[in-house]
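In: Provided below for reference: sequence and predicted model.
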Amino acid sequence: MARVLLFGRLSDVAGWRSRELDADSIAALTALLSDEDADLAEALARPGVQVALDQEIVRGDAALTARSEVAYLPPMSGG
Amino acid sequence: MARVLLFGRLSDVAGWRSRELDADSIAALTALLSDEDADLAEALARPGVQVALDQEIVRGDAALTARSEVAYLPPMSGG
Amino acid sequence: MISLTDQPFEPGALLTAFSQGRDETGAIATFTGLARAERGATTTLELEAYPGFTEAAIDKIAQEAKARFALDDFQIVHRVGAIAPGEPIVFVATAATHRRAAFEACDFLMDYLKSRAPFWKKETGPDGSRWIEPRDQDHADIARWESTKP
Amino acid sequence: MISLTDQPFEPGALLTAFSQGRDETGAIATFTGLARAERGATTTLELEAYPGFTEAAIDKIAQEAKARFALDDFQIVHRVGAIAPGEPIVFVATAATHRRAAFEACDFLMDYLKSRAPFWKKETGPDGSRWIEPRDQDHADIARWESTKP
């Protein structure tokens, strides 16, 4: 059970901010989320969406454990 | 009688900040000041010294009246 | 020092505290970003952060700025949550011996915060809500620092 | 607004007042210049102005900055007289819709104040007094604005 977090427009699109989900890898988790929600699939596939695993940005795939925290981060803008 | 003002290092060198002096022109006034004080003459001749007549910078000579205010301004630095 | 807060803050009070006892500093630059009403088009701005991750990401860039610009000190305060027009969103202060370093570091930190720091920003007005992404100008602003990197 | 004062002033209080009621401004940049102790080499800084002439000269450049950078507003406060280490000498605040304009205008005004504004500055320490003139860096700083003049 990885902890999954959505930020910004992603949580608006999906209608949730945090869930516990079973997945062996980031790729598998993204596929799982995309299969159950076509709008979220489209939003996750947009340019500029980054993924953080345990609060570190990861590029490409990575394995998950039961205690992993995976965050999907759309383009950032502060100030 | 023009009113003559010295600023910054010029007043330190001359030992005064403001005097009333008789002169027909800025050139004549500068000559008068230089004749009576060799140290001030040297300080007035340094690069970057500007002259203001009635609070406007003048380049070159200009005529003076009895109500003129002439200020000698060494290089400026604020902040 | 970096802090996130969901309460309104007063930039002047922060500058007062930041400038105390600095008899070797010489130069303090600040930037305050305020929520704009956009002539009534925006009634609320909502800022979301990723607690822990956001502070760590800002701290990393602030340490880079400190080394790059020979800063004595810096402070960054950023609002999260719902913000009304006219309220401060962000305050950045930098202290250095000379003014060029203070200005450049403050400018650099703001460019970073605008386009790279982990915040997500939603504007709400009479016509609904929209998520704000960095403008082309924001991307151009941050690109300036890449090309001049020592 | 431009003011000269022979009394200590508090930059934070000025920023508080300057940032009130700005719900369309978006960006406020400030710069505060503090007198440096120079590790004990400076005990007093003395700033001299030419009353009337100094304010008029600053106002002229501030109006230029306002037009050039599309400023909403600005404030300049400058100390004159004797100043102790750690005390503010100058405060410049600029307000604009976007941050680049606010930063650039603040930077421009400070470059001007450092090397062109009618002030004369004397440092006094244990080794006596000396008049300060603009450094090479100050001349280089203001030259930046000449070459980019629109």
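Out: Great, that's in hand. Residues are numbered from 1 along each chain as shown, chains lettered A, B, ... in the order given.

In: isn't A:Val4 up against A:Glu36?
Out: No - using Cβ atoms under 8 Å, A:Val4 makes no contact with A:Glu36, being 12.0 Å away. (Each C-beta comes from the backbone N, C-alpha and C, glycine too.)

In: for the residue of chain A positioned farthest from its centre, what are its contacts?
Out: Distance from the C-alpha centroid of chain A peaks at A:Gly79, with 23.9 Å (Cα atoms, centre = their mean). Applying Cβ atoms under 8 Å, 6 or more residues apart in numbering or on different chains to A:Gly79 gives the contacts C:Gly33, C:His78, C:Ile89, C:Val90, C:Met110, C:Leu113, C:Lys114, C:Ala117, C:Phe119, D:Arg99.

In: where does it land in three-state SS?
Out: What DSSP: H, G, I helix; E, B strand; the rest coil gives for A:Gly79 is coil.

In: distance-wise, check it relative to C:Ile89.
Out: Distance of A:Gly79 to C:Ile89, given as Cβ to Cβ, to the nearest Å: 6 Å.

In: what do you get for C:Ile28?
Out: 20 Å.

In: more neighbours, these two?
Out: Set side by side, C:Ile28 and C:Ile89 show more neighbours around C:Ile28, with 26 against 23, by other Cβ atoms under 10 Å in any protein chain shown.

In: which element is that one on?
Out: strand C:27-34 (DSSP states H and E).

In: one more: C:Phe91?
Out: Using DSSP H and E, C:Phe91 falls in strand C:88-96.

In: next, the angle helix D:99-115 makes with the helix or strand following that strand.
Out: Scanning forward in sequence from strand C:88-96 by DSSP H and E, the next helix or strand is helix C:99-115. Interaxial angle of helix C:99-115 relative to helix D:99-115 (axes from the mean of the first three to the mean of the last three Cα atoms, to 10 degrees): 180 degrees.

In: next, the buried residues of helix C:99-115.
Out: C:99-115 (16 or more other Cβ atoms under 10 Å in any protein chain shown).

In: picking up where we left off before, is any residue of the strand holding C:Ile28 near chain D?
Out: Yes - Strand C:27-34 is in contact with chain D by Cβ under 8 Å from any Cβ of the partner chain, via C:Ala27, C:Ile28, C:Ala29, C:Thr30, C:Phe31, C:Thr32, C:Gly33, C:Leu34.

In: any idea how far the first one is from chain A?
Out: Using Cβ to the nearest Cβ, to the nearest Å, we find C:Ala27 at a distance of 22 Å from chain A.

In: can you tell me how far that residue is from C:Cys106?
Out: C:Ala27 is 10 Å from C:Cys106, where distance means Cβ to Cβ.

In: repeat for the fourth one
Out: Separation of C:Thr30 from C:Cys106 (Cβ to Cβ) stands at 7 Å.

In: overlap in contacts of those two?
Out: Between them, C:Thr30 and C:Cys106 share the contacting residues C:Val92, C:Ala93, C:Thr94, D:Ala29, judged by Cβ under 8 Å, 6+ apart.

In: so what's the last one up against?
Out: Listed by Cβ under 8 Å, 6+ apart, the contact partners of D:Ala29 are C:Ala29, C:Thr30, C:Phe31, C:Thr32, C:Cys106, D:Ala93, D:Thr94, D:Arg99, D:Ala102, D:Phe103, D:Ala105, D:Cys106.

In: again, only using 6 Å
Out: D:Ala29 is in contact with C:Phe31, D:Thr94, D:Ala102, D:Phe103, D:Cys106, counting by Cβ atoms under 6 Å, 6 or more residues apart in numbering or on different chains.

In: cool, thanks, signing off.
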